[in-house]
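[1] Give me a model of this one.
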Amino acid sequence: MSLKLRTSLKGLLFVFAYVVSLCAGGVLYAQETEVLSGTYTKAPLKDIILDLEEQSGYAFFFLPDWVSKDTITVTFNEQPISLVLDQVLEGTALNHYLLEKDKRIFLLENTVIYDELPRYFFGRDSSDVPNVAVGRTRRLPPPTFFNEDIRKTQKNQEVVRVGKADATQLKQAYMLNGTAVNARTGEAIEDLAIRLKGTNLMALTDANGTFKMELPAGYNVLSIRAMGIAATEREVIMYNDGTLTFQLEEGLQQLDEVVVEAEAAKNVEDAITGSEQIDSEESKNIPLVLGERDILQVAKALPGISSAGEGATGLNVRGGKTDQNLVLLDDAVIYNPQHFFGIFQALNPFTTKGVAIYKGAVPVEFGGRLSSVFDIRTKNGSVEKIAGEGSIGPVTGNLALEIPLQKDKSSLVVGGRGAYADWILRSLDD
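    Predicted coordinates:
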């Protein structure tokens, strides 16, 4: 209901302008017999208009918002009111006025008086067929109408009006000369992208923060983006060529703190040269000999470590002898980690967590060893639920159980191994 009423009021205003122009052949001007004089220095436009109203006896009609922002400095001496208004309104958004015989003056903001209504002003009828005049080569754009209901962005930003409407300079598009500055520092913003929303029309600011772009007449929405600047949209109504300054806020994003921790002295305190780490899980990927998993077999694939030879036990590390290696299981010395010519190991593979191998620069806590140190560690049992792992091979069987003693605090790891090669050999003899 409100939209229809607003449209009807606009229609009545234009019908009124149309009738006025038909009756007088244009805008009606009263017989200007009075002359006015005055001097104003940075005076509010509203005060000047009220003063002119009192001197001349004319009744002025306008909206308060139109005259609340401008301050005027002007001097005129014994001039008719029409020339006085031309001087006073120059440089303001009030680009036209209507002076009637009954001593009434209507001030107009970016509104042009037309002698005919624009086509389809009251809507397009389905039976209406466009009728193009023969020989017409130039079609002027209709007047610019703005309705708050067509706004597309948040209404916390004021609509910017650029230029002053002029019936002699109607065009399809007008040139916008703009400048973008930082609202806090006042510095020019370079490489700011200004794009006409819904189109590919775009402009970039230069080193001075200035740009030029041609915009269609009427209502436009500009999308503004730049690194370090808050993304925003501005609504612009182009009445004519004009200038505009964008004052933009910085777009800063608050980040959580980042804590970087490093053990700067670790590389100085601990010698890591020549050390290797092997996880027990890696031993599952190597080929099995008679079904026996052996974490020390993985060590033979490392640089500087080799087998002592066919039919021999032990490892040679960097040319050293087998008795020059120190093998530890949870800090306990294992003197012979392999049995039966290296086919079987002395450790349960299911209770072993991993091994740290030091091929050089052995830490001092291990004592003196000429060749290497194999520091083997037993896995920590599950403290949540009972778990286990086992295997059965051609000559051996392994079993390991993890039993929680107190939930989330302690557990027991039990492992057992057995070999039954003698039973197989006897079966073969039979």
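[2] how near is residue 307 to residue 247?
    Noted for residue 307: a distance of 79 Å to residue 247, by CB to CB, to the nearest Å. C-beta here means a position set from N, CA and C on the backbone, and glycine is covered the same way.
[3] These two: which has the busier surroundings?
    Counted by other CB atoms under 10 Å, residue 307 and residue 247 do not tie: residue 307 has more neighbours, with 15 against 12.
[4] Without its sequence neighbours, what residue ends up closest to the more buried one?
    Spatial nearest neighbour of residue 307, chain neighbours left out: residue 300 (5.7 Å); criterion: CB to CB, 6 or more residues apart in numbering.
[5] surely that neighbour meets residue 306?
    Yes: with contact defined as CB atoms under 8 Å, residue 300 counts as touching residue 306 (6.4 Å).
[6] shared neighbours of the two, anything?
    In terms of CB atoms under 8 Å, 6 or more residues apart in numbering, residue 300 and residue 306 are both contacted by the residues residue 315.
[7] re earlier: what's the residue nearest to residue 307 in contact with, if anything?
    Neighbouring residues of residue 300 by CB under 8 Å, 6+ apart: 306-307, 315.
[8] Report pLDDT for it.
    Per-residue confidence (pLDDT) for residue 300: 79.
[9] Distance of it relative to residue 328?
    19 Å.
[10] same check, this time on residue 49
    Separation of residue 49 from residue 328 (CB to CB) stands at 101 Å.
[11] between those two, which one's more packed in?
    Counted by other CB under 10 Å, residue 49 and residue 328 do not tie: residue 49 has more neighbours, with 22 against 16.
[12] Does that one belong to a helix, a strand or coil?
    helix (DSSP: H, G, I helix; E, B strand; the rest coil).
[13] what's the answer for residue 316, then?
    Residue 316 ends up strand, using three-state DSSP.
[14] residues touching it, list them.
    Contacts for residue 316 were tallied using CB under 8 Å, 6+ apart; they are 305-308, 322, 371.
[15] Look over the residues you listed and name the one with the lowest pLDDT score.
    Lowest pLDDT within those is found at residue 308 (66).
[16] Not counting sequence-adjacent ones, nearest residue to residue 69?
    Counting by CB to CB, 6+ apart, the nearest residue to residue 69 once its immediate chain neighbours are dropped is residue 45, at 7.9 Å.
[17] measure that neighbour to residue 67 for me?
    4 Å.
[18] same deal with residue 168?
    For residue 168, the distance to residue 67 equals 25 Å [CB to CB].
[19] For these two, work out which one has more neighbours and name it.
    For residue 168 versus residue 67, neighbours defined as other CB under 10 Å are more numerous around residue 67 (23 against 5).
[20] Quick check, the more buried one in contact with residue 52.
    No: in this structure residue 67 lies outside contact range of residue 52 using CB under 8 Å: 11.7 Å.
[21] Count the residues that sit near residue 169.
    For residue 169, using other CB under 10 Å, the count is 13.
[22] Give me the pLDDT for it.
    In this model, residue 169 is scored at 76, pLDDT.
[23] cool, and residue 121?
    The predicted structure scores residue 121 at 59 on the pLDDT scale.
[24] Residue 180 now?
    93.
[25] Distance check, it against residue 203.
    Residue 180 is 10 Å from residue 203, by CB to CB.
[26] same check, this time on residue 383
    Between residue 383 and residue 203 the distance is 67 Å, computed by CB to CB.
[27] Please tell me how far the residue nearest to residue 92 when sequence neighbours are not counted sits from residue 107.
    Distance criterion CB to CB, 6+ apart; nearest residue to residue 92, sequence neighbours excluded, is residue 70 at 4.9 Å. When distance is defined by CB to CB, residue 70 is 12 Å away from residue 107.
[28] okay, the two: which has more neighbours?
    Neighbours per residue (other CB under 10 Å) separate residue 70 from residue 107, with residue 107 holding more: 21 against 17.
[29] Distance-wise, check the more buried one relative to residue 67.
    For residue 107, the distance to residue 67 (CB to CB) stands at 8 Å.
[30] any idea of the mean pLDDT for stretch 382-400?
    Average pLDDT, stretch 382-400: 80.
[31] Stretch 354-368 now?
    80.
[32] show me what contacts residue 75?
    38-40.
[33] Any of those buried? List them.
    Listed as buried from those are 38, 40; burial here means 16 or more other CB atoms under 10 Å.
[34] Closest one to residue 254 out of the contacts of residue 75, please.
    residue 40 (50.0 Å; CB to CB).
[35] Do I have it right that that closest one meets residue 48?
    Yes: here residue 40 reaches residue 48: they are 5.5 Å apart, a contact under CB under 8 Å.
[36] Pull up the overlap in contacts between these two.
    Common contacts of residue 40 and residue 48 (CB under 8 Å, 6+ apart): 72, 74.
[37] For the residue nearest to residue 252 when sequence neighbours are not counted, give its distance to residue 360.
    Spatial nearest neighbour of residue 252, chain neighbours left out: residue 228 (7.6 Å); criterion: CB to CB, 6+ apart. Distance, residue 228 to residue 360, by CB to CB: 53 Å.
[38] Same check on residue 222?
    Taking CB to CB as the measure, residue 222 falls 69 Å from residue 360.
[39] And for residue 397?
    Going from residue 397 to residue 360 by CB to CB gives 38 Å.
[40] Same question for residue 171.
    Going from residue 171 to residue 360 by CB to CB gives 85 Å.
[41] Spell out the residue ranges of the helices in the stretch 301-430 of the chain.
    Along the stretch 301-430 of the chain, counting by DSSP state H, counting those that start in this stretch, helices occupy 421-429.
[42] circling back: need the contacts of residue 75 in a markdown table with secondary structure and pLDDT, can you?
    What follows is those, written out as a markdown table (DSSP: H, G, I helix; E, B strand; the rest coil; pLDDT from 0 to 100):
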| residue | secondary structure | pLDDT |
| --- | --- | --- |
| 38 | strand | 86 |
| 39 | strand | 89 |
| 40 | strand | 89 |
